[in-house]
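Student: Got a predicted model here, sequence first, then my questions.
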Amino acid sequence: MIRIILAIVVIVLSSYSLITESKTELMPYCMFFLGTLIMVTGLAELQKDRKSFVGYMFIVISLFVFFVSIQQFLILAGASEVTFF
C-alpha cells in the first residue's frame, strides 16, 4: 500500500515538473520520495527472501539517491559552497 502511494507521489511530482518546466524546484522532493520508494521496495525484498542480493542493492541505491537529494536541497537553499568531499 505504501509503495503504491509513494509511486503515485513520484509520478505526480515528475509529471508536474515536466508540464510546468520547473525542474529545479521540485527535483529534490521527487528524488527524496523516489529514494523512499526504493528503500521500501528493498526492505520488502529482504523480508521475502533473507539472502536476496536485489534487496541489498535497492538499499544501497536508495542511500545514494538520498545523498543526491540532500545535496540538491543544500544547493537550492543557497549553500552551494558546502561540499561533502
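Tutor: Looks like it came in fine.
Student: burial count for the nearest residue to Ile61 once chain neighbours are set aside?
Tutor: Spatial nearest neighbour of Ile61, chain neighbours left out: Ile38 (5.6 Å); criterion: CB to CB, 6 or more residues apart in numbering. All C-beta atoms are positioned from the backbone trio N, CA, C, and that covers glycine. By the criterion of other CB atoms under 10 Å, Ile38 has 22 neighbours.
Student: so how far is Phe64 from Ile38?
Tutor: 9 Å (CB to CB, to the nearest Å).
Student: Please apply the same query to Leu13.
Tutor: Leu13 is 19 Å from Phe64, by CB to CB.
Student: just for this protein, where's the confidence low?
Tutor: Of all residues in the chain, those with pLDDT under 70 make up the ranges 23, 79-85.
Student: give me that answer again for 90
Tutor: Regions of the chain meeting the criterion pLDDT under 90 cover residues 1, 14-29, 44-56, 70-85.
Student: Find the centremost residue of it, please.
Tutor: Gly35 (2.4 Å; CA atoms, centre = their mean).
Student: quick one: secondary structure of it?
Tutor: Under DSSP: H, G, I helix; E, B strand; the rest coil, the three-state class of Gly35 is helix.
Student: With adjacent residues omitted, what lies nearest to Val54?
Tutor: Glu45 (5.3 Å).
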